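J.: Here is my input; please provide its structure:
(one chain, ligands or ions: 2)
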Amino acid sequence: MAALVVDPVMVSTSGDVLAGPSILSTFLEELLPMADIITPNLKEASALLNGMQLETVDDMRSAARLLHNMGPKNVLVKGGDLPDSSDAVDILYNGHNFYELRSPRIRTRNTHGTGCSLASSIAAEVAKGYPMLSAVKVAKRFVETALDYSKEIDIGNGPQGPFDHLLRLKSHSQACHRQQPFDPSDLFLYAVTDSRMNKRWGRSIIDAVKAAIDGGATIIQLREKDAETKDFMESAKACIRICRLHGVPLLINDRVDVAIACDADGVHVGQSDMPARVARTLLGPEKIIGVSCKTPEQAEQAWVDGADYIGCGGVYPTNTKENNITVGLNGLKTVCMASKLPVVAIGGIGVSNARAVMEIRTSNLKGVAVVSALFDRECVQAETRKLHEMLLGSNIGST
Ligand SMILES: Cc1ncc(COP(=O)(O)OP(=O)(O)O)c(N)n1
Ligand SMILES: Cc1ncsc1CCOP(=O)(O)O
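T.: Ligands and ions are numbered 1, 2, ... in the order given. Here you go, the predicted structure:
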């Protein structure tokens, strides 16, 4: 698949004007309408929009919408220069949804070439067949990792130094092990694997995870109730490699030991598993911890214990978990309203009822966690894609 990625290199991050007004009409009339994505920084977005002031994230969203009206399929407004922001915030807009992509700001003078590298990396990911959102996430992670890796390099006397594209070759393990802070929007479409279902359909856990990611899953949990520890660890390590390549976090169900041994992104624990407080002590502050909660009291305790999110359910009856008492939409709403943590709904959820779940419209309900509607099916990728599109279409919880 080919992609036209246009980085409108007009004003560098250091403020140098690289292309004057004479080229503006060519950008506006010829390049933008053909582009799959354009990736302006704030100054370039402003130049393309007749000098529009861009000082806040809301301004960036307005700019993305206006630029989208000029023809490109996607717009990524890069907010690296945004004043008063401790994070680096970029806004991706595809004409339907806004995605606010945040990452910690890396303080370094070695930023020369980051915009071109981001654009090239997006083009490479799209050429590999990945959807635009995944391509942008992976490209951002690559650039952030390279920036962090090369922040101490001391070359040249100019205001900007170069950053080091070769980090993957030089420090493969460092590149693969960098932990991103937890982003609650990752709970949007939470794919939870099931070893019995994979066996029934004759697929490996690795193929199941790949298919779910290709279909748009935004976070993965390995819930392998029957697996031997050694086999579980081997598959988990392979799945983690795949997830890292796509910028998708991978959590392990119940088994804090396996999560630590494999350097997974975190764990999901239930009320009868290792308490989240103990898991936090073992895993440290960076890893993601989710806790199953059916009541406001449990949600409060999860927050006190240092969890990052809660999984609430079963919302609807399910055959996937035995003797699981359902809480219904009312129970889900009650827990969401009480919870100080982001919530993902679970239990009997699929394409036919996910919209009803998200329509309870509490701001901390961030998505749905799904087992059988994705994995007890012949084509995991198609089912995941259907649910992803349905959730995006319902336009709830996607920003
Ligand atoms: C996201 C999410 N929410 C809830 C659960 C259920 O976890 P638990 O209560 O530990 O039950 P088992 O999954 O272990 O049967 C979950 N796994 N994920
Ligand atoms: C693990 C779990 N916890 C509460 S309900 C449930 C099962 C969810 O599976 P499904 O999506 O197939 O209903």
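J.: contacts and neighbour counts: CA atoms only from here.
T.: Will do.
J.: Show me where the stretch 101-250 of the chain has its strands.
T.: 189-192, 219-222, 250-253 (DSSP state E, counting those that start in this stretch).
J.: right, and these - which one's nearest residue 373?
T.: strand 189-192 (9.6 Å; CA to CA).
J.: May I see the buried residues of the closest one?
T.: 189, 190, 191, 192 (16 or more other CA atoms under 10 Å).
J.: right, and out of those residues, which lies closest to ligand 2?
T.: Set against ligand 2, the nearest of the buried residues of strand 189-192 by CA to the nearest ligand atom is residue 192 (7.8 Å).
J.: where in the chain is pLDDT low?
T.: 1-2, 9-21, 84-85, 110, 150-153, 159, 164-180, 395-399 (pLDDT under 70).
J.: Could you break it into its assigned domains?
T.: Domain segmentation of the chain under automatic domain parsing yields 5-177, 184-394.
J.: deepest of those domains, which one?
T.: Ranked by mean neighbour count under mean count of other CA atoms under 10 Å, these are led by domain 184-394, which reaches a mean of 20.
J.: Could you pull up the residues touching the residue in the stretch 151-300 of the chain that ligand 2 sits nearest to?
T.: Using CA to the nearest ligand atom, the closest approach of the stretch 151-300 of the chain to ligand 2 is made by residue 292 at 7.3 Å. Residue 292 makes contact with 268, 269, 270, 271, 310, 311, 312, 313, according to CA atoms under 8 Å, 6 or more residues apart in numbering.
J.: thought the third one was touching residue 291?
T.: Think residue 270. Yes: with contact defined as CA atoms under 8 Å, residue 270 reaches residue 291; the gap is 5.6 Å.
J.: phi, psi of the nearest residue to residue 349 once chain neighbours are set aside?
T.: Excluding the flanking residues, the one nearest residue 349 by CA to CA, 6 or more residues apart in numbering is residue 370, at 6.1 Å. Dihedral pair for residue 370: phi -140, psi 130, per degrees, to the nearest 10.
J.: Quickly note the distance from residue 370 to residue 130.
T.: Per CA to CA, to the nearest Å, residue 370 is found 22 Å from residue 130.
J.: same deal with residue 216?
T.: Applying CA to CA to residue 216 and residue 130 gives a distance of 10 Å.
J.: What of residue 377?
T.: 22 Å.
J.: Output the set of residues of the stretch 251-399 of the chain in proximity to ligand 1.
T.: 253, 254, 269, 270, 271, 292, 311, 312, 321, 346, 369 (CA under 6 Å from any ligand atom).
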